[in-house]
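Student: give me coordinates for this.
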Amino acid sequence: MSRRQGSSCLWCGREIGESEVGRRRRYCRQSCRQRAYEHRNSVKGTGIPEDSVVLSAQEVSDLSDRWFAARCAAEDVATAVAEGADHVELTALTAQLVALARDAERLR
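Tutor: Coordinates of the predicted model:
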């Protein structure tokens, strides 16, 4: 039996650990599962599709900030490459970029 690839929580976007057996998990925690259930019930009869993502103004602002930080880190990597940075510096910058991009994936 092969190992399954990790996936992202359908509610918050955090990475869900790999599972060897059983159904794939859709949520990282019970609280995310509960929030998704509440969301599905809150949009019933409103004309908003159940699979829509509704974010508060604060959540949109936070998401925008995380993407801005990831873009700045990508620009830092590009600048370092253009200036001929050494392997150690590039490794550190790319690690930071990957961490910021993972954080930016979260919707909430």
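
Student: pull out the buried residues from the helix ranked longest in the chain.
Tutor: In the chain, with assignment by DSSP state H, the single longest helix is helix 57-82. Neighbour-count burial for helix 57-82, with 16 or more other CB atoms under 10 Å as criterion, is recorded at 63, 66, 69-70, 73, 76-77, 80. From N, CA and C alone the C-beta is placed, and that goes for glycine too.

Student: name the helices or strands packed onto it?
Tutor: Packing contacts for helix 57-82, counted by 3 or more CB pairs under 8 Å, 6 or more residues apart in numbering; DSSP states H and E, involve helix 87-105.

Student: Arg23: which of the buried residues of helix 57-82 is nearest?
Tutor: Checking the buried residues of helix 57-82 against Arg23 by CB to CB gives Leu63 as the nearest, at 29.0 Å.

Student: surely that closest one and Ala104 touch.
Tutor: Yes. Between Leu63 and Ala104 there is a contact at 7.3 Å, judged by CB atoms under 8 Å.

Student: mind listing the shared neighbours of those two?
Tutor: Both Leu63 and Ala104 lack any common contact, where contact means CB atoms under 8 Å, 6 or more residues apart in numbering.

Student: tell me the helix or strand right after the helix or strand of the chain with the lowest mean pLDDT.
Tutor: Lowest on mean pLDDT, DSSP states H and E among the helices and strands of the chain sits strand 7-8, with a mean of 82. Next in sequence after strand 7-8, counting helices and strands by DSSP states H and E, comes strand 15-16.

Student: hmm, who's touching that following strand?
Tutor: So strand 15-16 is contacted by 6-9, 25-28, 102 (CB under 8 Å, 6+ apart).

Student: do the same with stretch 70-90
Tutor: Here stretch 70-90 makes contact (CB under 8 Å, 6+ apart) with 93-94, 96-97, 100-101, 103-104.

Student: quick check on those residues: which are buried?
Tutor: 93-94, 97, 100-101, 104.

Student: return the closest of these with respect to Arg40.
Tutor: Among these, and counting by CB to CB, the member closest to Arg40 is Ala104, at 25.0 Å.
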